[in-house]
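*Asks:* what's the 3D shape of this:
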Amino acid sequence: MQDQHGWRAAALATLVLLPVATAWAASDWNNYQGNAQHTGYVAQSFKPAKFRQVWQWVSPHAKDGVMPFINPVTMAGGMIAVTDDDYFSPQALYVLDEMTGQALWVYEFPADTPGLNPPSLNDGTVSVATSGHEATYMHRFDAKTGTLLWKTPFSAQWDHYLAPLVSHATVDTDG
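*Replies:* Numbering: from 1, shown residues only. Just a heads-up that it's a prediction; the model follows:
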């Protein structure tokens, strides 16, 4: 399925594939399209025949809402950050172990949160925006513990956002 930003992943079919031999030393994919420049460029060559599925993760909220989707994921430091992509339904931010797919921690947002957007994983923190009339906030969490470090409102109404751009302790989004 596609949305206005490109491909949308179904929560029921979220897979991670790694080379059969060993995992390569890939760079972090910590912002939308992998980096602050949004190039999506990966300086590697891959042979799809050498890949195999190592784990599968299904969002616990895949059957709770209207749309069983997840937002684009980000990864850094052996962790993967992913959020549910639904509307006025139970939604959460999940931080998973990159090698096993096991949840390291989960932050449940209120069930009446209008929209939960894609996360960024940078400098030991996870940043994610919620959106809706009175629910438009930027949230920042400690990536290892899931502790909410801060939450701040910003002006917007019913928008959907790409993952925030995080660089040098600054969190940017369109709002």
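
*Asks:* now Ala43, nearest residue through space, not along the chain?
*Replies:* Distances taken as Cβ to Cβ, 6 or more residues apart in numbering place Ser27 nearest to Ala43, at 7.8 Å, with adjacent residues excluded. To be clear about C-beta, it is placed using only N, CA and C from the backbone, and glycine gets the same treatment.

*Asks:* how many neighbours does that neighbour have?
*Replies:* By other Cβ atoms under 10 Å, the residues close to Ser27 number 14.

*Asks:* Who are the contact partners of it?
*Replies:* Ser27 makes contact with Gly34, Val42, Ala43 under the criterion Cβ atoms under 8 Å, 6 or more residues apart in numbering.

*Asks:* Please look at the first one and Pro72 and confirm they touch.
*Replies:* No. Counting by Cβ atoms under 8 Å, no contact exists between Gly34 and Pro72, whose distance comes to 10.1 Å.

*Asks:* which intervals of the chain have sub-threshold pLDDT?
*Replies:* Regions of the chain meeting the criterion pLDDT under 70 cover residues 1-26, 65-66, 175.

*Asks:* got the residue ranges for the helices in it?
*Replies:* Assigned by DSSP state H, the chain shows no helices.

*Asks:* Thr152: neighbour count?
*Replies:* Around Thr152 there are 9 residues (other Cβ under 10 Å).

*Asks:* what separates it from Pro164, distance-wise?
*Replies:* Noted for Thr152: a distance of 12 Å to Pro164, by Cβ to Cβ, to the nearest Å.

*Asks:* what sits in contact with each of the two?
*Replies:* Taking Cβ under 8 Å, 6+ apart as the criterion, Thr152 and Pro164 both touch Met138.

*Asks:* okay but Phe141 is in contact with Thr147, surely?
*Replies:* Yes. Counting by Cβ under 8 Å, Phe141 does reach Thr147; the two are 6.5 Å apart.

*Asks:* When the two are compared, which one has more neighbours?
*Replies:* Phe141 (24 against 11).

*Asks:* Please list all residues in contact with the more buried one.
*Replies:* Leu93, Tyr107, Thr125, Val126, Ser127, Val128, Thr147, Leu148, Leu149.

*Asks:* Repeat that for Leu93.
*Replies:* Counting by Cβ under 8 Å, 6+ apart, Leu93 has contacts Ala81, Val82, Thr83, Val106, Tyr107, Phe109, Leu116, Pro119, Val126, Val128, His139, Phe141.

*Asks:* do that again at 6 Å, thanks
*Replies:* Thr83, Tyr107, Val128 (Cβ atoms under 6 Å, 6 or more residues apart in numbering).

*Asks:* List the ones among those that fall in strands.
*Replies:* Thr83, Tyr107, Val128 (DSSP state E).

*Asks:* Any chance of TSV for those, columns distance to Val54 and neighbour count?
*Replies:* Formatted as TSV, the ones in strands among the contacts of Leu93 follow (distance: Cβ to Cβ, whole Å; neighbours: other Cβ atoms under 10 Å):
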residue	distance to Val54	neighbour count
Thr83	22	28
Tyr107	25	17
Val128	26	27
